[in-house]
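# Task: produce atomic coordinates for the following.
(chains A and B)
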Amino acid sequence: MADDKQPLVCIKGLSHVYKKVQALDDISLSIPRGLMIGLLGPDGVGKSTLLGLISGARKLQKGSLEVLGGDMASLKHREHVRPKISYMPQGLGKNLYADLSVNENLDFFGKLFGQNSQERKERIERLTKATGLYPFLPRPAGKLSGGMKQKLGLCCSLIHDPDLLILDEPTTGVDPLSRRQFWQLIDSIRQEKPNLSVIVSTAYMDEADGFDWLVAMDAGQVLDTGSPQELKTKTATDNLESAFVKLLPKSKRGDSHSLTIPPLAKSNGVPAIVAKGMTRRFDEFIAVNNVSFEIQAGEIFGFLGSNGCGKTTTMKMLTGLLPLSEGEAKLFGKPLDANDLETRKRVGFMTQAFSLYGELTIKQNLELHGRLFHMSSQKCQERIASLVERFDLKAQIDEKADALPLGIRQRLSLAVAVIHEPEMLILDEPTSGVDPVARDGFWELLIELSRKDKVTIFISTHFMNEAMRCDRISLMHAGQVLVYDTPQQIIETKQADSLEQAFIHYLEDASQVQQQKPEKQETTTASKPEDIEPVINSNLATLSSPKEAVQGFSLTRLLAYSYLEVMEVMRDPVRIAFAFFGSAILLLVVAYGISLDVEDLRFAALDNDQSPESRQYLSHFSGSYYFLEQDELHSVDEVERRLKANDISLAIEIPSGFGRDLKNGHTPVVSVWIDGANTLRSGTIEGYVEGSHARYLTQLATDAGIDASAALKVSLQPRFVYNPSFESIYSFGPKTPALLLLMFPAILMAVSIAREKEIGTITNFYVAPTRPLEFLLGKQLPYLGIGLANFFILTLLVVFVLQVPIKGSLVGLTLGAFLYVFAATGFGLLMSSITKSQVAAVFATTILTAMPTISFSGLLQPISTLEGGAYFIGTIWPATYYLHLSVAAFTKGLSFYELSYDLIILAIMGPILVTIATMFLKKQEA
Amino acid sequence: MLKTWLNIFWLGTKELRSIMSDKGMVILIIYSFTLAIYGQATATSETVNNASIAIVDEDHSALSGIIANALYPPYFNVPELISADQVNAAMDQSQFMFVVEIPPNFERDIREGRQPKVQINVDATAVSQASLGSSYIQSIVTKEVNLFVNRTDNSAQSSVELVKRFAFNPNATGMWFGAINALINQISIITIILTGSALLREREHGTIEHLMVMPLTAFQIVMAKVWANGLVILIAYRVSLYFIVGWALDVPLAGSSLLLLIGTSLYLFAAAAIGIFLGTIASTMAQFGLLVMMVIIPLMTLSGGMSPIESQPQLIQPVTWFLPSRHFVSFSQAVVFRGADFSIIWPQLVTMVGLGGLFFGGSLLLFRRSLATSS
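Below you'll find the predicted structure:
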């Protein structure tokens, strides 16, 4: 093994900046090997950034960073150590694929590290048996409880047997029992493999007590390092939370006095909230199951439970956001009514995400809400002034909410919730992610609101010490309320030392009840320490070592991504439906709908002559298939009026004396007005008018006994090639698929990668030894398949429904479609490489593909008739060549060889687009 | 009542701030109403423009040279001379849309009155250009032959003279029509995307829930989005109409500019309502993107802007009646080109409002349900 004395991580002068925010500020640190390292500190102090940098997921900006004995700025070293490092990002199951089962997730991670199927199977079995996930292998990751997601995340991180395990806040929001099991699991893994180094960040100070070595961080800087005992001794405190506060610079320590809560005055009024048997189902899943409780006016009522236990759903039901499936609830003695605006005025609500408008300043946010509660301008200003004072928001009043630190946003959020002086506050986890000092400050405000202003407060949290401050709490787990009482009473009932202990007892009781019913077991199944033994069995070392197999281009990893994508698409029926039926419907609509065959033109005559001759002239129009005669016109004014009203598109005026002049050999003049507004039609109308006029003249000559054709000096013979019947469908039938085969695959493709970026699974690409080209091509492959399937559906429709036969090479057409879809998905890849969110990807792809495909690629106007920029775009846009090829293969009947020019150009475009996308796709986060 | 409108007003100001602070969106809007319109309008030039043409001249006479010279830009490219055996291959490769074949001894046959045959090959897969272009070629050839023979372009003694006038667009400039259509298409796309995603974004960020627990109704929230986003587009439209369409492209406005603005506002209402409607039925951004596709393509292709409504098959015509864009296209054409007044186009206005109301009502019905599914 490597030299044990060499540090695991060696950091010198490391800084990291996001736009304006300094995440890490000139850090120097040396982390020893083979230990359990804890990174301590609240959200936003730079813990995640540091872990991201160590794992290689983030790009080094400034300073030097050595991990496992090499420089992380060097690509070569990163490629070398990637298989040895494992990184589990922050957020419950953030790097898991929610639609994939436990087994599929693990299998995918195994493939990324080049393990063969036998090896994967063995490893998966061992890991899941050890963690108690084995019975849940077929369950989708998205349907696991928070604790199980964390275990699965851990299994995924351990599948390739790393030397360094990096866990970013692995237990945040997980119930205490699962948390305890999680740490036991980590401990036994370390016993199995003593040289494994683990770096963990956490916001729970009490957890950190069990770690070997700690790094306390604040505001992008390291406060101190050492073992828990060293830190406590240094600060002369008996627990880590106080030690941490002592380590903070003086200005940040806040008032050192501890929080005192005046006792609750008894109130005999109507309970503020009464819930009876509230139940909420989402399809089959029961989120909240038969929940009942009463909250007295003026009380602070706490809701304690892990993420996903139903706290938020219960609160949403009480605010009327979600209808109740069963049961009833009363607010202020009145039954809950989602449409009751009066009750809403008495309630203030703060959602989990601090739902502020990030683009508005503090002042604007407050003003907007004041206005929406119909406060007068003066009263609103007064109230804002007093709240700003009380909540200490003055310094940042004109800053946008997005730019504020979490603690200030939290206070602003509370200020917004109380601006209308509500009688009740519903706060959904208002303190998650906020540092201990800010949390205490926030609680002071809450206590003041409760005791001074007599506001009823209903608050959810997963912090035990916060729950201790509530008048009464209810413990919630898996949709059910386990108990509700005062915190003291709950502790006493279970004869526990702390609330956490008591909660664990309740959870154990609940899980025993659940285990009687199989299939219902959730978080708390068999992961007792004794099961953990073979997690990383030394036998695994005898299996082919994955660390050697991951260099170079790997088809396994590429196909791993393809398989993943296929699974995800297959489980999203909406996307499938759009991809196939959507384009089929659009084909019929567009190909049928766009028709340039002009017929039934409405025309009217202004016959000033009313002679047999004039009627004969007009009969050449009314008798034509192209024209449809309307009511006669009576004046020149009427001509204009009816043209304006679009009642007619053509007016013919025959002068008085037409017949007489004709007989006398004078040349009468017939005038026609053509509606020129729609230039698509006016040219065609003009042609038809001339044709009818010419036929009249010929007949006139023939009647007079002259051979009219002989009078013509030249015989012109137009020959309409390819489409002799001259029907639009022969043109648009083959052309429309070009539009659909570009836009649908491009958008689906762009969204697929943007989604990984947004959800966070892209991290797997950053930290695994996957190459950008493997990632992109792997993702592209399934959409290539979808595009081709789409092509066959569309082609069948064109041939059998639109009745446009394929006269040319079907092979050429199919190859063209393949190359075209490759280019289209390549464009989607490019769009997703340069955008960050799904919104941006959808927008950019739609807008950038719609115009060139519809206007510049020859759908309506041949490319050669375009000018300037439009012509240029037309010549570099793939749709131009596929459209051309499709028409040639369908209508023109060209052979494979004759299609080769378009095929060659299409074949070049896809690889070019993918290459550009690869260049834009970053292998590390900024 | 007053409170309702005040709420709508204040919520709307928030929307405006949101749009303005989203730089990407602002750039997108500016691009869509300037470059995109200019590009599309100038691309939609005369129906037959720079058409590729070749001549097979087997006569090599003065007359055949005259005919070749008479086919010139902007209608046609300068004709290329090719040989008879190249015709099929060249047309297969779409090198030429038209090939005129002048037979040997053409000029001599004309002089001797033998009526030689000139063949005009037309690539009929380019439907719109084919028929018009071939009739242009026919009349050009006839005219040149007449000139050559009679030294006058009076074709055979015609007994009735035909005078053609193009109402509303005397020179039949295709770009006018193209500019207005481009403008309408951009309005449809941007309005639907903007309002729909404004709603989805609030749902994704959870701020919509925050609004729903305040004393606000779904009507107020939706209405605020409609007016604020509509106003932004309306301003962009007005500016674009003035600077891009009126000034840069020089398209005259025959009707009342106020009437046009009113009609556009009503269309914006309808389009924004569609956007909101899609925003309520889609549960993710990916679904929204695909839904937008499904809606925008028919909105653009069947509105009458790409091909006349009258030409659409009987089966489709009644369906297009439900597209607000169809009514807006016919309204815009009537006002911009024909100078139609209110008495003529009121049915279109009423229909647009009605359709807008339909989608608006639909989204209100689905609003709460959409909140429940997004959680």
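# Every contact and neighbour count from this point should use C-alpha atoms.
Fine.
# And A:Ala754, how close does it get to chain B?
10 Å (Cα to the nearest Cα, to the nearest Å).
# Break down the stretch 101-250 of chain B into its helices, ranges please.
Using DSSP state H, counting those that start in this stretch, the helices of the stretch 101-250 of chain B run over B:106-111, B:127-150, B:174-205, B:207-212, B:218-240.
# show me what contacts the residue of the stretch 401-550 of chain A found nearest chain B?
Residue nearest to chain B within the stretch 401-550 of chain A: A:Ala417 (9.3 Å; Cα to the nearest Cα). By Cα atoms under 8 Å, 6 or more residues apart in numbering or on different chains, A:Ala417 lies in contact with A:348-350, A:425.
# Tell me which two of those sit farthest apart.
Farthest apart among those by Cα to Cα are A:Met350 and A:Leu425. That separation is 7.8 Å.
# Need the per-residue pLDDT for B:Ala224.
With respect to pLDDT, B:Ala224 has a value of 92.
# Which residue, neighbours along the chain excluded, lies closest to B:Trp176?
Once flanking residues are discounted, B:Trp176 sits nearest to B:Val251: 5.6 Å by Cα to Cα, 6 or more residues apart in numbering or on different chains.
# and the residue of the stretch 401-550 of chain A closest to chain B, helix, strand or coil?
Using DSSP: H, G, I helix; E, B strand; the rest coil, the secondary structure recorded for A:Ala417 is helix.
# Relative to A:Ala395, how far out is it?
20 Å (Cα to Cα, to the nearest Å).
# what is the mean pLDDT for stretch A:368-385?
87.
# Look at A:Thr172 and give its secondary structure.
coil.
# Least confident secondary structure element in chain B?
strand B:161-167 (a mean of 75; mean pLDDT, DSSP states H and E).
# Show me how chain B divides into domains.
Chain B breaks down by automatic domain parsing into domains covering B:2-44+B:173-374, B:53-150.
# does the residue of the stretch 151-300 of chain A found nearest chain B have beta-bridge partners, and which?
Residue nearest to chain B within the stretch 151-300 of chain A: A:Phe282 (8.5 Å; Cα to the nearest Cα). On the basis of DSSP bridges, A:Phe282 is bridged to A:Phe285.
# Count the neighbours of it for me.
A:Phe282 has 12 neighbours, counted by other Cα atoms under 10 Å in any protein chain shown.
# Spell out which residues of the stretch 451-600 of chain A are next to chain B.
Where the stretch 451-600 of chain A comes near chain B, counting by Cα under 8 Å from any Cα of the partner chain, the residues are A:574-575, A:578, A:582, A:586, A:589-590, A:592-600.
# Please verify my assumption that A:Val483 contacts A:Leu475.
Yes: between A:Val483 and A:Leu475 there is a contact under Cα atoms under 8 Å: 5.5 Å.
# Tell me which of those two has more neighbours.
When neighbours are counted by other Cα under 10 Å, A:Val483 and A:Leu475 differ, and A:Leu475 comes out ahead with 24 against 15.
# and the more buried one, how far is that from A:Leu680?
For A:Leu475, the distance to A:Leu680 - Cα to Cα - is 71 Å.
# now do A:Ala824
Counting by Cα to Cα - A:Ala824 and A:Leu680 are separated by 30 Å.
# So for these two, which residue has more residues nearby?
A:Ala824 (29 against 24).
# got a list of what that one touches?
Going by Cα under 8 Å, 6+ apart, the list of residues near A:Ala824 reads A:741-743, A:745-746, A:878, A:910.
# Helix or strand: which one has it?
Per DSSP states H and E: A:Ala824 is located in helix A:810-834.
# What are the contacting residues of stretch A:273-280?
Counting by Cα under 8 Å, 6+ apart, A:286-296, A:313-314, A:323-333 sit against stretch A:273-280.
# tell me, which of these make contact with chain B?
Applying Cα under 8 Å from any Cα to the contacts of stretch A:273-280, those adjacent to chain B are A:Pro323.
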